[in-house]
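*Asks:* Sequence first, then the predicted structure:
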Amino acid sequence: MNRSSERILTTHTGSLIRPPEIIEGMKARTLNQPYDRDALEDAITRGVRDVVRKQVDIGIDVPNDGEFARRGFTTYIHERLAGLAPRVLQPGDKNPLDQHGHQLERLAFPEFYERHDKVYRFMWMHPSVSMDEMQNVRGKSELFRLTGPIQYQGGALVEQDMQRLRAGLEGRPVADAFITAVTPTTERKDDGILDFYPNRQAYLYALADALHEEYAAITNAGFILQLDRPAQNPVLNLSADEVQREMELGIEIVNHALRGIPPERVRSHWCGGSGNRPHTQDIPLRAVVATMLKMNVQAYGFEAANPRHEHEVEIWEDVKLPDGKIIVPGLISQSTNVVEHPELVAWRIRNFARLVGKENIIAGVDCGFSQDWDLIRVHESIQWAKLQALVEGAALASAQLWGRGSVTAEREHRLEVAR
């Protein structure tokens, strides 16, 4: 992948807010209601073209398709793997997708979550889209059960993803373009594993073997592969040592899935959770950084704008970034509608540059703006204002780190606007 050799490059984490016509189709599909399949496919194709244009026009150097064709950043996967089928979370059931830390946070802030859970998914939904029918169906197509051995069947779908992104990129200069993919270790607490596999580890390796085909297709086509949330789902009731072993196993499995794929074609995203919530139980970066750096990828994305994580820039004082590696710190946050000032973004970039070197940084976002079709983190206008601030901040930092002569005339104009 391209490095920030002349200026700080910019990217984001993957999901962007979908247009209403895509959301309406996704809703009908999720609720098993009649819908025009061809109209939805056309809306996705147009939407990808438009969202790529918007990213490039703003100045994002490494764009993607916004994940517009997917129900969610992980919940699309049953469409690509034979042997998985959706199951529905029943009323009164606890959501098994909640991580241990998230459950502890719920116990600490019950009054907050009582209100939060009623509004957080839909509060920034397009006003033209009704979510009344979705109020009591969380878990539909989020949870899965095994119906047979896992096999990859997503070749045509990933090729469609790539064709749409290529069409959107045509005639638009970018440093790189990326496509996201779920990791085998981001399994969904699936039911029925032992009906087909001797243990959970064997199942995860089967997922790795299947997903390898998707990873290879993306990288062989010339795109950057982004792996989301690798090795970050510790099982409940484990000791600290057992959690560490679980994460080490996760890295081993992900590296198995990446076998034969050049690390310089892959980046990862480590997430503490994207919601506007307390985040008091997030896993500290210091606890995972050594494990993270064992993954066979070139670039590592992580949260750094979230106020529970911003101070973690300091760990790079004593953690050496391996030669040839890149970090993609989040410099703006999707969990608040406050738009970061470009000078704040530039300051954050300089803090990292001082510790790891400016050429080893790509400016990113803490997490996605709309991980699922029905989940929108900020108002759509704020999403684009934040990405604009990221670009302007990167231009400002570039002028400071390389000297004004290295910034293009367009970015010079953005610097003046930022001031």
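*Replies:* Done, it's in.

*Asks:* Partner strands of the helix or strand hosting residue 227 and their direction?
*Replies:* Residue 227 belongs to strand 224-228 when assigned by DSSP states H and E. If you go by DSSP bridges, strand 224-228 pairs up with strand 178-182 (parallel), strand 266-269 (parallel).

*Asks:* Output the shortest one as PDB, nothing but the C-alphas.
*Replies:* In this case it means strand 266-269. The C-alpha coordinates for strand 266-269 follow below in PDB (Å, rounded to 0.1, in the frame of the first residue of the first chain):
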ATOM      1  CA  VAL A 266      -3.600  -5.800   4.100                       C
ATOM      2  CA  ARG A 267      -4.500  -3.500   7.000                       C
ATOM      3  CA  SER A 268      -6.500  -4.200  10.200                       C
ATOM      4  CA  HIS A 269      -8.900  -2.300  12.300                       C
END
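
*Asks:* And the helices in the stretch 301-419 of the chain, which stretches?
*Replies:* 342-356, 380-402, 409-418 (DSSP state H, counting those that start in this stretch).

*Asks:* Dump these to a markdown table, plus mean pLDDT and mean neighbour count.
*Replies:* To be clear about C-beta, it is placed using only N, CA and C from the backbone, and glycine gets the same treatment. Shown next, in a markdown table, are the helices of the stretch 301-419 of the chain (pLDDT from 0 to 100; neighbours: other CB atoms under 10 Å):
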| stretch | mean pLDDT | mean neighbour count |
| --- | --- | --- |
| helix 342-356 | 98 | 19 |
| helix 380-402 | 98 | 22 |
| helix 409-418 | 48 | 14 |
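
*Asks:* Same list (these) but as TSV, adding distance to residue 305.
*Replies:* Formatted as TSV, the helices of the stretch 301-419 of the chain follow (distance: least, CB to CB, whole Å):
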stretch	distance to residue 305
helix 342-356	7
helix 380-402	10
helix 409-418	17
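
*Asks:* Quick one: closest of those helices to residue 152.
*Replies:* Residue 152 sits nearest to helix 380-402 of all the helices of the stretch 301-419 of the chain, at 32.6 Å, using CB to CB.

*Asks:* what inclination does the closest one have with respect to helix 342-356?
*Replies:* If you take axes from the mean of the first three to the mean of the last three CA atoms, to 10 degrees, helix 380-402 sits at 50 degrees to helix 342-356.

*Asks:* just checking, what packs against helix 380-402?
*Replies:* strand 9-10, helix 37-58, strand 326-332, helix 342-356, strand 362-365, helix 409-418 (3 or more CB pairs under 8 Å, 6 or more residues apart in numbering; DSSP states H and E).

*Asks:* For that helix, what is the distance to the chain centroid?
*Replies:* The chain centroid and the centroid of helix 380-402 are separated by 19 Å, computed with CA atoms, centre = their mean, to the nearest Å.

*Asks:* just stretch 355-368 next, same as before
*Replies:* Worked out by CA atoms, centre = their mean, stretch 355-368 lies 15 Å from the chain centre.

*Asks:* Can you give me the neighbour number for residue 245?
*Replies:* 13 (other CB atoms under 10 Å).

*Asks:* gap between it and residue 205?
*Replies:* If you measure residue 245 against residue 205 using CB to CB, to the nearest Å, the figure is 16 Å.

*Asks:* Skip the chain neighbours and tell me the closest residue to residue 305.
*Replies:* residue 333 (4.2 Å; CB to CB, 6 or more residues apart in numbering).

*Asks:* could you give the angle of the strand holding residue 227 to strand 326-332?
*Replies:* Using the same axes, to 10 degrees: strand 224-228 against strand 326-332 is 60 degrees.

*Asks:* following strand 224-228, which helix or strand shows up next?
*Replies:* helix 240-257.

*Asks:* For that following helix, name the packing helices and strands.
*Replies:* helix 200-220, helix 285-292.

*Asks:* okay if I get the helices and strands packed on helix 380-402 as CSV plus distance to residue 3?
*Replies:* Shown next, in CSV, are these (distance: least, CB to CB, whole Å):
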stretch, distance to residue 3
strand 9-10, 8
helix 37-58, 19
strand 326-332, 6
helix 342-356, 12
strand 362-365, 8
helix 409-418, 18
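
*Asks:* which other residues reach stretch 276-291?
*Replies:* Here stretch 276-291 makes contact (CB atoms under 8 Å, 6 or more residues apart in numbering) with 100-102, 104-105, 108-109, 112-113, 116, 120, 231-232, 244, 247-248, 251, 270, 272-273, 302-303, 306, 308-309, 312, 315, 319, 335-336, 377.

*Asks:* May I see the buried residues of stretch 246-261?
*Replies:* Of the residues in stretch 246-261, 246, 247, 250, 251, 252, 253, 254, 255, 257, 258, 261 count as buried by neighbour count, 16 or more other CB atoms under 10 Å.

*Asks:* Report the distance from stretch 46-61 to the chain centre.
*Replies:* With CA atoms, centre = their mean as the basis, the mean position of stretch 46-61 lies at 17 Å from the chain mean.

*Asks:* Any chance you could list what contacts it?
*Replies:* Residues contacting stretch 46-61 (CB under 8 Å, 6+ apart): 2, 9-12, 16, 18-19, 21-22, 63-66, 68-69, 164-165, 167-169, 172-176, 362, 384, 387-388, 390-391, 395, 410-411, 414.

*Asks:* Give me the distance between residue 387 and residue 56.
*Replies:* 11 Å.

*Asks:* do residue 131 as well
*Replies:* From residue 131 to residue 56 the distance is 31 Å (CB to CB).

*Asks:* Between these two, tell me which one has more neighbours.
*Replies:* It is residue 56, of residue 131 and residue 56, that has more neighbours when counted by other CB under 10 Å, with 18 against 14.

*Asks:* Mind putting the strands paired with strand 224-228 into a markdown table with mean neighbour count, distance to residue 40 and mean pLDDT?
*Replies:* Formatted as a markdown table, the strands paired with strand 224-228 follow (neighbours: other CB atoms under 10 Å; distance: least, CB to CB, whole Å; pLDDT from 0 to 100):
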| stretch | mean neighbour count | distance to residue 40 | mean pLDDT |
| --- | --- | --- | --- |
| strand 178-182 | 24 | 20 | 96 |
| strand 266-269 | 26 | 27 | 97 |
